[in-house]
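>>> With the sequence up front, the predicted model follows.
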Amino acid sequence: MNKKVVFTIIILVLLVIGLGGYLAYDKIYLQYFNEETAMTMIDDVNVDVNDLFEVGNVLDKLDRAYSDSNSTYFGYPYELKKRVNKVSELELNALIYASVYDNLLFTNTQQTIHESLVKKNLNKMFTSSVKYVGSTVTAGTSYILNYDEATKLYSYTIPATANVYAPTYIAVNTSTTVEEDKVLVTRKVFYVEYESLNGKDYTQAAIYKARDKKTKLITLKLKNGTLSTEEVIAKTGSKMNSFIYTFTLDEDGYKLYSIERK
């Protein structure tokens, strides 16, 4: 096989959601490659790289939705009481909210989303154990998706917001295990509050284990206005909460099955 092709596929696999930013090079054994499937061998399991990218897409969608501090579902997966939570046991409204978050328009004008898109997104992200039922989703004062049974439409009006220094949760993938019909992504999670002396220029960030702020991990200076997640993990990773996201394989690819707090 052409060395350039081999290298490209390896880079693709390593970039899969950061499928664990630390996925070991020597665990990737390229069995064969064709333009339709891009198959590879990881942990002795034959995997389609495209399926792995879908795992990354699901995690990205969840992160964006649950890191929005304007929503009542802010930090939702990290504040669940049970240690192991199957997605079928989670609030359906929380899953619907996460599934359409990327489709929401923050325009302060009325917008609509058709039920068919909600169903499609739910089916793509979560296992079939999640049963869709149409109903109004209240995810915050300004995050209300009003469901109309007659038209099958969700209507909403969300104000434009653009505060990049709002409090947030950050999840970092630290390892990935591929088993037969299953992918497990381990993530470290921390809560961030950005700090400013004048309310305009943010210069540092306070890092906590969780939003309750019972345990402060560290305060770090921002570099060019940005927090280095690598620095946070390197200095305080051992003290953080860790979660395992388990994806199971069906005929349409990998779907999120459960979230476990380690």
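Perfect, thanks for sending it.
>>> Just the C-alphas of the helix or strand where residue 187 lies, formatted as PDB.
For residue 187, the element it lies in under DSSP states H and E is strand 182-196. Below are the C-alpha coordinates for strand 182-196, written out as PDB (Å, rounded to 0.1, in the frame of the first residue of the first chain):
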ATOM      1  CA  LYS A 182     -18.800  -1.300  21.000                       C
ATOM      2  CA  VAL A 183     -16.700   1.900  21.400                       C
ATOM      3  CA  LEU A 184     -15.900   3.300  24.800                       C
ATOM      4  CA  VAL A 185     -14.600   6.900  25.100                       C
ATOM      5  CA  THR A 186     -13.200   8.000  28.400                       C
ATOM      6  CA  ARG A 187     -13.400  11.800  29.000                       C
ATOM      7  CA  LYS A 188     -12.200  14.100  31.800                       C
ATOM      8  CA  VAL A 189     -14.600  16.900  32.600                       C
ATOM      9  CA  PHE A 190     -14.100  20.300  34.300                       C
ATOM     10  CA  TYR A 191     -16.100  23.500  34.900                       C
ATOM     11  CA  VAL A 192     -14.700  26.900  33.900                       C
ATOM     12  CA  GLU A 193     -15.400  30.400  35.000                       C
ATOM     13  CA  TYR A 194     -13.500  33.100  33.200                       C
ATOM     14  CA  GLU A 195     -12.300  36.100  35.200                       C
ATOM     15  CA  SER A 196     -11.900  39.800  34.400                       C
END
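>>> Give me the sheet partners of the next helix-or-strand element following that strand and which way each runs.
Downstream of strand 182-196, the first helix or strand assigned by DSSP H and E is strand 202-208. Its sheet considered, strand 202-208 pairs with strand 182-196 (antiparallel), strand 216-221 (antiparallel) by DSSP bridges.
>>> Just give me the neighbour total for the closest residue to residue 191 other than its chain neighbours.
Residue nearest to residue 191 in three dimensions, not counting chain neighbours: residue 208, with 4.5 Å by CB to CB, 6 or more residues apart in numbering. Glycine gets a C-beta too; all of them are placed from N, C-alpha and C. Look at residue 208: counted by other CB atoms under 10 Å, it has 20 neighbours.
>>> likewise residue 84?
12.
>>> Also residue 184?
That count, for residue 184 with other CB under 10 Å as the rule, works out to 17.
>>> looking at it, it is touching residue 174, isn't it?
No: counting by CB atoms under 8 Å, residue 184 does not reach residue 174; the two are 11.6 Å apart.
>>> buried sites along the strand holding residue 187?
183, 184, 185, 186, 187, 188, 189, 190, 191, 192, 193, 194 (16 or more other CB atoms under 10 Å).
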